[in-house]
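Visitor: need a 3D model of the sequence below.
(chains A and B)
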2 protein chains.
Amino acid sequence: MVDLTAIGERGRAASRRLRPARAELRNRALCAIAAALRKEQASILKANAEDVACAEKGGMSRAFLDRLSLTPQRIEEIAVAVEKVVSLPDPVGLVDGGRTLPNGLRLYKTKVPFGVVGMIYEARPNVTVDAAALCLKSANVCMLRGSKEAIRSNIALAGVMRAAIASVGLPEDCILLVGDTTREGARAMMTLRGYLDLLIPRGGAGLIRSVTENATVPVIETGVGNCHTYVDYNADLPMAVEILENAKASRPSVCNACETLLVHQEIAERFLPMAKAALDRYPVEWRGCARTQAILPGILPATEEDYAAEYDDYILACRVVDSFEEAVEHIARYSTGHSECIVTGDYAHSQAFTAEVDAAAVYVNASTRFTDGGCFGLGAEIGISTQKLHTRGPMGLEALTTDKYLLFGEGQVRR
Amino acid sequence: MVDLTAIGERGRAASRRLRPARAELRNRALCAIAAALRKEQASILKANAEDVACAEKGGMSRAFLDRLSLTPQRIEEIAVAVEKVVSLPDPVGLVDGGRTLPNGLRLYKTKVPFGVVGMIYEARPNVTVDAAALCLKSANVCMLRGSKEAIRSNIALAGVMRAAIASVGLPEDCILLVGDTTREGARAMMTLRGYLDLLIPRGGAGLIRSVTENATVPVIETGVGNCHTYVDYNADLPMAVEILENAKASRPSVCNACETLLVHQEIAERFLPMAKAALDRYPVEWRGCARTQAILPGILPATEEDYAAEYDDYILACRVVDSFEEAVEHIARYSTGHSECIVTGDYAHSQAFTAEVDAAAVYVNASTRFTDGGCFGLGAEIGISTQKLHTRGPMGLEALTTDKYLLFGEGQVRR
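Guide: A predicted model of the protein is given here:
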C-alpha cells in the first residue's frame, strides 16, 4: 500500500500559508514561474527528450509522442499561458451574497480556495504547468500526478516551478508532484481523505471509472463526451453539413467532438449523401442503422455499442429517427451529458430541445466543439465537468473555489 | 445483493416528466400534498403508532421515540412547512450568467434540477415530507430511504404524497420510497450509478463514513460538526459566557453546537469559573487540559479523543491556550469545518480568525448555533454541507440545482 500521508501533510501545511496570501503575491509567483520556465528551458528539454526517447522505444503512437514532446516554442507557449492566468481576475475573496440578519448579525457569503487540489492526468507535460498555475491563482495547493511516460519532464517542470515560487516567498510545497506513477500511487491519491479537498481526474473513460469506483475524496468527473448532432426535419442542410463537419472532423480526439449523428427521416435521403461527401474529405468511417445503410450503401452497421461509444476518432455512428421525440429519446438514453446539438428551423423544437435534453451544454444551430473554457469566456479551463455536483461544463477559476460564510456580531445568541 | 435498478428506472422516467414541469404545477402539487397530509391524518397516525410501539418494545431511548412520534399537531406543522416551501422563489430556470460570444453565439448559464436525488436518513418521519417537498420544488425526483424504525410511517407518508401529486397530473414516481431498510439496501443506493444524480446522507458520523467509503454516486457529506468557541485575551467576558452557554447548552444534540472551548491564558482564571457557573445550570460535564483542571478542580482530563469528538451531548472539552495562534492551530487540527467562533475585542484578531480558519461558517462574537438554512435566510434547508465540493454550509433550494449552458446560434462552427 502506497502511503501518501507525508506528502499530504506537506500540502496541508503549505495550504495554510497559501490560503491567506494576497493576489499580488500569487500573481508575482506566477510571473516568476513564467520567467523560470524560459530560463531553465535547456534542462526541461533535456528531461523531456529522455521521456520521448523512452516512449519511442516503447512503441507509443505518433499522437502520443506529439502530446508528450516539448520544444522551445511549446515552452514559450506554456510560459505565455501562465502569464495569461496572471491577468485573470482573482477568484478568491469574492463576496457573492450576504445580508444583515434581523438580529443584526452581518453575514457575508464569500469564495475561498478548496485547500489542496489533486490532479491525475495523462502524459501531457503542459498540463503540469497549466494545473499548477490555475491552482496557484486560486490559492490552492496542487498535488499533481501525471503518467509515468512524462515523469522526467514533470520532475523538471515541478522543480523549476517550486524554486520559482520559493523565490517570491511562497512555500515550494504549494506545488507537489507525486513521484509514484503506479496504479497503487493513483489509488492512494483517490483515498487521501483529510488531505485532498478535491480530486480532478483527466483522462480516458477507464481512469474516470476507476476514480469514481475507488475514490473516497471528493471528485469532479471530467471529459467523457458522447455528443450528438441531431438534424431536424426542416434544418438548413448546408448549415447542418458545416456544423456536422466541424463537430466530427475538426478535432475528433477531443471530448466535445460529435460521435453520433441523428437525422430526421423526412430529410435523411437528401442530407445523408451531402454529409457523407463532406466527411469523405477526412478519413471518417460511418456506422449506420438499417435506414442509413439503405441511403449510404456499403457502410458498416451500427450496434448498441456504437451508440454508446465515445470514439474520440474518425468514426461516426448514424441513425435515422422517425421524429424529434425519437431523437430526444435516443439522446436521453446514450448521452454522457456533455454537449448536444440540434440543427433546426423550428422554433418549438429549439425550445423543447434545450429544455428537455439534460447536458452541460445544449446547442441550437452551432457546433458542439465550442464547449470549452476559452470559448465560453472563462479565461482558462482546468477541465470539463460531466457530473452535476459542484459545476457542470467547462471549469474556470471559480470552480476551484468553495463557499465560506463570515458572520460578524456583538454577542448575538440563538433563542 | 439488493438491486435497486428497477426503482432507479422509475425515477429516471419520472424525472424526464418532472424536469420540464412549470413552477405553477410543482407548487400545485405541494399544496395538494399539504392538503392530503391533513386529510389522511388518521391513517398516518395509525401507521406511526405501530412504529412507535415497536420502537418502545425495542427499548429505544426517550429522545429517539420523541423524534419518531407524530401527533396531530406535528402533522399540521409538517403541512404548514410544505406550504412555506410553495412560497419560496423557484430555483429552477434561474439565469445566472451569459453573454453573446464574439462569433455571435448567445450563451446562457442556467440553473436546472439534478434529476434524481437520494436521501438516507434517520428515524424522523418529518424528514420524509421535508425532503420530498424541497426536491419537488426544485423539480428533482427524490428517492428516500429512512431508517427501519420509521418504515410504516414513511410508507404511509409517501403513499399520501404520491397520490397527491398524481392528482395534479405529475407522475407519482416523483416521490420514491426505498422499502429495503437493510444495510445492503443503503449500499445499493450508494452505488446506483446512472440513476442517482446526487446522494445526501443525513445522520451520524458512522453513516457519513460508510457513504464516503462506499458511494460511487456523487455525494454531499452533511452535518458532522466539531465546533469551537475561542475566547480571546480581551473578550467581553459576560458576552463570551452568554455565547458559550447558547452554543453548548441551548441544543447540544445538533451539529452547530459547541464541542470544545478554547480560552486565552490571560483571562482563563477569570473566565472559566464564570463559564462553569453558567453551564452548571445544565447537566454539562467538563473535560479539561491540565491548566483548565488547575482552575476548575474536580473536572475530568481531556484527551486527544475529546478534542476530536463531536459529542452531540452535554459534554464540553476545554483547553487553555497560550495565544491566538495556538487557538487557530488547535482549530485547524481538530475542526470538521462546520462552524467556528472567536469572542474578541481585538480588530486584528477578528480579521485574522475569519481569514485563517477554514470552515463553512466563521463567527466573530456570535453563537455558532446560527448555522442553519432558516437563520441564514435560505428559506429552507435540506442539510448542512461539511464538504467543499458543490457548496459548504446550509443547503437551500439552490443547492439542489446544477448548471446547464444553453447556446443559440445561426450555424457557428469553431475555427
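Visitor: mind telling me what element the residue in the stretch 101-250 of chain A that chain B sits nearest to is part of?
Guide: Proximity of the stretch 101-250 of chain A to chain B (Cβ to the nearest Cβ) peaks at residue A:246, 3.6 Å away. Heads up, the C-betas are built off the backbone N, CA and C, glycines and all. Following DSSP states H and E, one finds residue A:246 within helix A:237-249.
Visitor: list the buried residues for the helix or strand following that helix?
Guide: Sequence-wise, the next helix or strand downstream of helix A:237-249 (DSSP H and E) is strand A:258-264. For strand A:258-264, burial by neighbour count (16 or more other Cβ atoms under 10 Å in any protein chain shown) applies to A:258-264.
Visitor: for stretch A:294-306, same thing?
Guide: Buried residues in stretch A:294-306, counted by 16+ other Cβ under 10 Å: A:295-296, A:299, A:302, A:306.
Visitor: what distance separates the start and the end of it?
Guide: 18 Å (Cα to Cα, to the nearest Å).
Visitor: is it anywhere near chain B?
Guide: No. Stretch A:294-306 does not reach chain B (Cβ under 8 Å from any Cβ of the partner chain); its nearest approach is 15.3 Å.
Visitor: ok, and what's touching that stretch?
Guide: By Cβ atoms under 8 Å, 6 or more residues apart in numbering or on different chains, the list of residues contacting stretch A:294-306 from outside reads A:260, A:268-269, A:272-273, A:276, A:285-290, A:292-293, A:317-320.
Visitor: can you rerun that using 6 Å?
Guide: Residues outside stretch A:294-306 that contact it (Cβ atoms under 6 Å, 6 or more residues apart in numbering or on different chains) are A:269, A:272, A:276, A:286-289, A:293, A:317.
Visitor: among these, which lie within helices?
Guide: A:269, A:272, A:276, A:293 (DSSP state H).
Visitor: where does the stretch 251-400 of chain A dip in pLDDT?
Guide: Within the stretch 251-400 of chain A, no range satisfies pLDDT under 70.
Visitor: where along it do the helices fall?
Guide: Assigned by DSSP state H, counting those that start in this stretch, the helices in the stretch 251-400 of chain A fall at A:265-279, A:290-295, A:304-308, A:324-334, A:347-356.
Visitor: in TSV, list the ones you listed along with distance to residue B:330.
Guide: Formatted as TSV, these follow (distance: least, Cβ to Cβ, whole Å):
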stretch	distance to residue B:330
helix A:265-279	64
helix A:290-295	67
helix A:304-308	52
helix A:324-334	51
helix A:347-356	51
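Visitor: re the thing from before, in the helix holding residue A:246, what's buried?
Guide: In helix A:237-249, counting by 16+ other Cβ under 10 Å, buried: A:239-249.
Visitor: other SSEs contacting that helix?
Guide: Using 3 or more Cβ pairs under 6 Å, 6 or more residues apart in numbering or on different chains; DSSP states H and E as the contact definition, the elements that helix A:237-249 packs against are strand A:227-231, helix A:265-279.
Visitor: surely residue A:103 touches residue A:412?
Guide: Yes. If you go by Cβ atoms under 6 Å, residue A:103 and residue A:412 touch, sitting 5.0 Å apart.
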